[in-house]
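A.B. asks: the following comprises the amino acid sequence and a computationally predicted model.
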Amino acid sequence: MTEEEYHNHPALSASIIKRLVVNDETYEVANGIKTEPTPAMELGTLVHCLILEPEKFSETYAVMPKCDLRTKEGKLLKAEFELKSNGKKVVSETDFETAMKCAESFKKNTVSNLLKRGKPEQKFFSEFDGVEVRGMLDWYDEESGMIVDLKTTQNFADMFVKECGDRLYNIQASFY
């Protein structure tokens, strides 16, 4: 199942539940609204790729060389680069460097040992109290039952805990 097919599936997901809680929407509205990813979300997706599926980076992304986008030449260079990227997600060199620093930092941490066994981006479908549900686990080790949900953040310590609460990660964790 492709990522697009997964996201278009009508089963209830943690993201839909969060939209229902925050926006007081109906299921139909929450499930039907496509959201545009923010720059922070795009960076998080890039970090995910570099950590969880680095072999897919070159087929998914194209790194745009630095250029001055305030100039006519810079805008032309960007347009030509995007055209030549053959549908890949174009990321700036600055965002790529930031994401690489995150990935390198993660790999130096002992927590990266959690990814020695298991598989990335595992989709699941189930039923809970008669409701069809779905989820996509960043990393799942079937043998141990361990789930890893990788998050990027600008905060740490107490502010990280607050950010997790603000983003309703507790709903996502309990959902899985």
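C.D. replies: Yep, it's here.
A.B. asks: quick check: which ranges of the chain have low pLDDT?
C.D. replies: 25-31 (pLDDT under 70).
A.B. asks: now the helices: where do they sit in it?
C.D. replies: With DSSP state H as the criterion, the chain has helices at 3-8, 14-23, 27-32, 39-52, 57-60, 72-84, 93-108, 157-166, 169-175.
A.B. asks: would you mind giving those as a markdown table with mean neighbour count and distance to residue 119 added?
C.D. replies: Every residue, glycine included, has its C-beta placed from N, CA and C. Rendered in a markdown table, the data for the helices of the chain read as follows (neighbours: other C-beta atoms under 10 Å; distance: least, C-beta to C-beta, whole Å):
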| stretch | mean neighbour count | distance to residue 119 |
| --- | --- | --- |
| helix 3-8 | 11 | 15 |
| helix 14-23 | 17 | 19 |
| helix 27-32 | 14 | 27 |
| helix 39-52 | 18 | 9 |
| helix 57-60 | 12 | 17 |
| helix 72-84 | 12 | 32 |
| helix 93-108 | 15 | 17 |
| helix 157-166 | 11 | 25 |
| helix 169-175 | 14 | 19 |
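A.B. asks: now the ones you listed in JSON lines, with distance to residue 148?
C.D. replies: Listed next are these as JSON lines, based on distance: least, C-beta to C-beta, whole Å:
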{"stretch": "helix 3-8", "distance to residue 148": "18"}
{"stretch": "helix 14-23", "distance to residue 148": "15"}
{"stretch": "helix 27-32", "distance to residue 148": "26"}
{"stretch": "helix 39-52", "distance to residue 148": "9"}
{"stretch": "helix 57-60", "distance to residue 148": "19"}
{"stretch": "helix 72-84", "distance to residue 148": "33"}
{"stretch": "helix 93-108", "distance to residue 148": "11"}
{"stretch": "helix 157-166", "distance to residue 148": "15"}
{"stretch": "helix 169-175", "distance to residue 148": "11"}
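A.B. asks: ok, which of the ones you listed comes nearest residue 127?
C.D. replies: helix 169-175 (13.5 Å; C-beta to C-beta).
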